[in-house]
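Undergrad: got a sequence here, can you model it:
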Amino acid sequence: MAMTKAGRAASRFKFALIGLVVGLALGIGGALIAQGINSSSKDAHVAPSVVFDRIVQKSELVTASQGYNITDKATDVNTFFDLFDIPFTQNSFWYRYVGTIKAGVDLENAGFTLDGTTITVALDQPYIISNTPNMEESGVLEENNNILNPIHVQDVDAFQRMCVEQSESQVIDGGLMEEARTNAEQDICDMFNAALGDAYTVSFEWREAS
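TA: Residues are numbered from 1 along each chain as shown. Below you'll find the model as predicted:
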């Protein structure tokens, strides 16, 4: 039976639609293959040493931070040649010291070696990069002044210095440096993996603190 005009038109439309679908599939597939080849070619031409040079350009890598809140009382009393306290000369004040400590590693002294597909990064131990007080929340909460032994500015300054030392001692004892080491390794691994993929293994050597 001869095919009608309507049938021939439907058949041509069907073949045209199939051709369009096949063409789109081939085009998309070709684009993806080309993109993959370009990406692989790009990764293959990035040397690990170049990536390391880019990393150390940061100079300093902040990898951990911790807030603190120290509230303590300071007292002072006049003495007689340090032999005994002079009565009625004691003063005191309560002080709150609030701030944030940041720790990290110095990348300027970082070392790099490559053995096959193993990258070894040598780093100095983490250190406290900054200890920044929040002066909006810090300050004297209460003071008991004494006309015979008034509170001086240097008394408050000395107490603040004590708070700084105490805050740094607390965060170190609390494991901030261990956290900084762990995060530094993860951050550096992530930077290498982002540039090189998973073709390399990154290991670390931590130098002894001087």
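
Undergrad: buried residues in the helix or strand hosting residue 69?
TA: If you go by DSSP states H and E, residue 69 is part of strand 60-76. Across strand 60-76, burial judged by 16 or more other Cβ atoms under 10 Å covers 61, 62, 63, 64, 65, 66, 68, 70, 74, 76. Every C-beta, even on glycine, is put in place using the N, C-alpha and C of the backbone.

Undergrad: who does the last one bridge with?
TA: Yep, that's residue 76 we're talking about. On the basis of DSSP bridges, residue 76 is bridged to residue 91.

Undergrad: distance check, it against residue 149.
TA: Distance of residue 76 to residue 149, given as Cβ to Cβ, to the nearest Å: 7 Å.

Undergrad: which residues are in contact with both of those two?
TA: Common neighbours of residue 76 and residue 149, counting by Cβ atoms under 8 Å, 6 or more residues apart in numbering, are 90, 91.

Undergrad: quick test: name the residue nearest the centre of this structure.
TA: residue 63 (2.9 Å; Cα atoms, centre = their mean).

Undergrad: so how far is the strand holding residue 69 from its chain's centroid?
TA: The chain centroid and the centroid of strand 60-76 are separated by 18 Å under Cα atoms, centre = their mean, to the nearest Å.

Undergrad: equivalent analysis for stretch 46-59, please.
TA: For stretch 46-59, the distance to the chain centre is 17 Å (Cα atoms, centre = their mean).

Undergrad: stretch 144-153 too?
TA: Distance of stretch 144-153 from the chain centroid (Cα atoms, centre = their mean) equals 44 Å.

Undergrad: give me the residues contacting that stretch.
TA: 76, 77, 78, 88, 89, 90, 91, 92, 93, 143.

Undergrad: so where is this structure shaky, pLDDT-wise?
TA: 1-45 (pLDDT under 70).

Undergrad: please enumerate the helices of it.
TA: 5-44, 48-56, 153-173, 176-196 (DSSP state H).

Undergrad: still on that earlier bit, including distance to residue 122, could the buried residues of strand 60-76 go into CSV?
TA: Formatted as CSV, these follow (distance: Cβ to Cβ, whole Å):
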residue, distance to residue 122
61, 14
62, 19
63, 16
64, 20
65, 24
66, 26
68, 31
70, 36
74, 44
76, 49
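
Undergrad: and the furthest pair within those?
TA: 61 and 76 (42.3 Å; Cβ to Cβ).

Undergrad: now residue 72: closest residue in space, sequence neighbours ignored.
TA: residue 95 (6.4 Å; Cβ to Cβ, 6 or more residues apart in numbering).

Undergrad: same question, residue 184
TA: Residue 184 sits nearest to residue 63 (Cβ to Cβ, 6+ apart), 4.5 Å away.

Undergrad: let me see the contact set for the residue nearest to the centre of the chain.
TA: 103, 104, 105, 126, 179, 180, 181, 183, 184, 187.

Undergrad: tell me the one of those residues nearest residue 196?
TA: For the contacts of residue 63, the closest approach to residue 196 (Cβ to Cβ) belongs to residue 187, at 15.1 Å.

Undergrad: cheers, nothing more for now.
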